[in-house]
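Novice: sequence-free structure coming up:
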């Protein structure tokens, strides 16, 4: 999306809003990644030609690792971003270049990507034949319910990692998260046969491992208090 958005040398407010919307729809993007993407949306600090060439080279590098559906989705995002600028030759040329670079064609998608339907709608209408739920159950293993509890805990936007805060404010925030962690009973897994019916530390280790999907400051605090 960023490559297409900057293809004509400037970024419109609508384009910035579109990119930010798609970023917000990815709750597991790490804060450092979000901050890095935000820098690309600064109209007063536009990427240089060298930086755009570097981004293009990166797209080319990862293209061969992506399934066709993912490659088409990247193009779809670019098209959705510039849907009201189809007469812009630079934009059309960039989209054509992206199609060639990723060796995929938007025409292979069954939905009109210029409609209001999001990629989530696309997935809902045309589900993959790959059974994601079965794979998740396999990867989560014996402690699937514990891992799901932690994921639900972390999914709260109030517990999303935030960078750039003063040290004291960040400490307060992490301490509040830790109190929440304890209040919902997740810390109880640390004491099998005492605060839970678990026979060993397996559930706690699963919870601790899954907690690493969030802010690592909370993981350290949990380790100190419950580990």
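Specialist: Happy to help now that I have it. These numbers come from a predicted model, not from an experiment.
Novice: Next, the buried residues of the helix or strand hosting residue 133.
Specialist: Residue 133 is part of helix 132-140 when elements are defined by DSSP states H and E. Buried positions in helix 132-140, judged by neighbour count with 16 or more other CB atoms under 10 Å: residue 140. Backbone N, C-alpha and C define where each C-beta goes, glycine included.
Novice: Report all helices and strands that it contacts.
Specialist: helix 144-155 (3 or more CB pairs under 8 Å, 6 or more residues apart in numbering; DSSP states H and E).
Novice: next SSE after the helix it packs on?
Specialist: helix 167-183.
Novice: That following helix versus helix 144-155: what angle between them?
Specialist: 150 degrees (axes from the mean of the first three to the mean of the last three CA atoms, to 10 degrees).
Novice: Against which helices or strands is helix 167-183 packed?
Specialist: Against helix 167-183 (3+ CB pairs under 8 Å, 6+ apart) you get helix 216-226.
Novice: what does the helix holding residue 133 contact?
Specialist: 144, 147-148 (CB atoms under 8 Å, 6 or more residues apart in numbering).
Novice: model confidence over it, on average?
Specialist: Taken as a whole, helix 132-140 has an average pLDDT of 89.
Novice: Wait, residue 201 touches residue 191, no?
Specialist: No. At 9.1 Å, residue 201 does not count as touching residue 191 under the criterion of CB atoms under 8 Å.
Novice: which residues do the two both contact?
Specialist: If you check residue 201 and residue 191 against CB under 8 Å, 6+ apart, no residue is contacted by both.
Novice: now, which of the contacts of helix 132-140 sits nearest residue 14?
Specialist: Proximity to residue 14 was ranked across the contacts of helix 132-140 by CB to CB; first place goes to residue 148, at 37.5 Å.
Novice: residue contacts, that closest one?
Specialist: Counted by CB under 8 Å, 6+ apart, residue 148 has contacts residue 140.
Novice: quick one: low-confidence parts of the protein?
Specialist: 1, 3-5, 7-9, 26-28, 59-128 (pLDDT under 70).
Novice: now the helices for this protein?
Specialist: 2-5, 13-24, 31-39, 49-63, 68-81, 89-102, 119-125, 132-140, 144-155, 167-183, 202-211, 216-226 (DSSP state H).
Novice: ok, the closest residue to residue 163 other than its chain neighbours - contacts?
Specialist: Nearest residue to residue 163, sequence neighbours excluded (CB to CB, 6 or more residues apart in numbering): residue 31, at 4.8 Å. The neighbours of residue 31, taking CB under 8 Å, 6+ apart as the test, are 160-163, 215.
Novice: ok, now how distant is residue 31 from residue 159?
Specialist: As for residue 31, its distance to residue 159 is 12 Å (criterion: CB to CB, to the nearest Å).
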